[in-house]
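K.L.:
coords below, sequence missing:
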């Protein structure tokens, strides 16, 4: 047995040997559209209205590369219509929407059967600095204060429930307390 590591069986393996409940499944990366929709949902701003015309999402003027006859609008209001699901987002081939593009959204210039997942530092920078993400973060903070005004503990618990769908661990709770 030299050189071979002994494999340990998980205690749940006997309860579900075929893995029908997917308890052994590792985390999967979500698509850029799901990321945007999740940010809107957690902040309480996701517009679930179905059907209708597409929505033109705000794009920073620096990202507008087009020289076509119809200019891309730069005065888009941050209202409920803009908060529609990403499936309704209007996408112009020459104007990538930064959040969707940077998180490996569809490439309007090419046809492909699948998407390639990348992890680059600019993704973290966008989530930290982008105007729309910052606005949704402020919406989330207001939502937490509104839904759990009684104490810091309640607010931290609500934030974890909204963002991660679970309660914070002891280490996470300690980190949040120190940060606050």
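P.N.:
In hand now; what should we look at? Just so you know, these numbers come straight off a predicted model, no measurement behind them.

K.L.:
what sits against residue 106?
P.N.:
Applying C-beta atoms under 8 Å, 6 or more residues apart in numbering, we find residue 106 in contact with 91, 100, 115. For glycine as for every other residue, the C-beta is placed from the backbone atoms N, C-alpha and C.

K.L.:
out of those, which is nearest to residue 23?
P.N.:
Using C-beta to C-beta, residue 115 comes nearest to residue 23 of those, at 26.6 Å.

K.L.:
contacts only, for the residue most central in space within the chain.
P.N.:
Geometric centre of the chain, nearest residue: residue 35, 2.5 Å, by C-alpha atoms, centre = their mean. Residue 35 sits next to 99, 103 when contact means C-beta under 8 Å, 6+ apart.

K.L.:
please state the offset of the host helix or strand of it from the chain centre?
P.N.:
Using DSSP states H and E, residue 35 sits in helix 32-43. Remark: helix 32-43 is offset 4 Å from the chain centroid, using C-alpha atoms, centre = their mean, to the nearest Å.

K.L.:
of all the residues in that helix, which ones are buried?
P.N.:
32-33, 35-37, 39-43 (16 or more other C-beta atoms under 10 Å).

K.L.:
filter the contacts of residue 106 to the buried ones?
P.N.:
91, 100.

K.L.:
list the ones among the contacts of residue 106 that fall in strands.
P.N.:
Using DSSP state E, no member of the contacts of residue 106 falls in strands.

K.L.:
would you format the contacts of residue 106 as CSV with distance to residue 50 and pLDDT included?
P.N.:
CSV is the format used below for those (distance: C-beta to C-beta, whole Å; pLDDT from 0 to 100):
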residue, distance to residue 50, pLDDT
91, 19, 86
100, 20, 90
115, 25, 82
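
K.L.:
just the closest of the contacts of residue 106 to residue 58, please.
P.N.:
Nearest to residue 58 among these, counting by C-beta to C-beta, is residue 100 at 12.3 Å.

K.L.:
how about that closest one: what's its closest non-neighbour residue?
P.N.:
residue 32 (4.5 Å; C-beta to C-beta, 6 or more residues apart in numbering).
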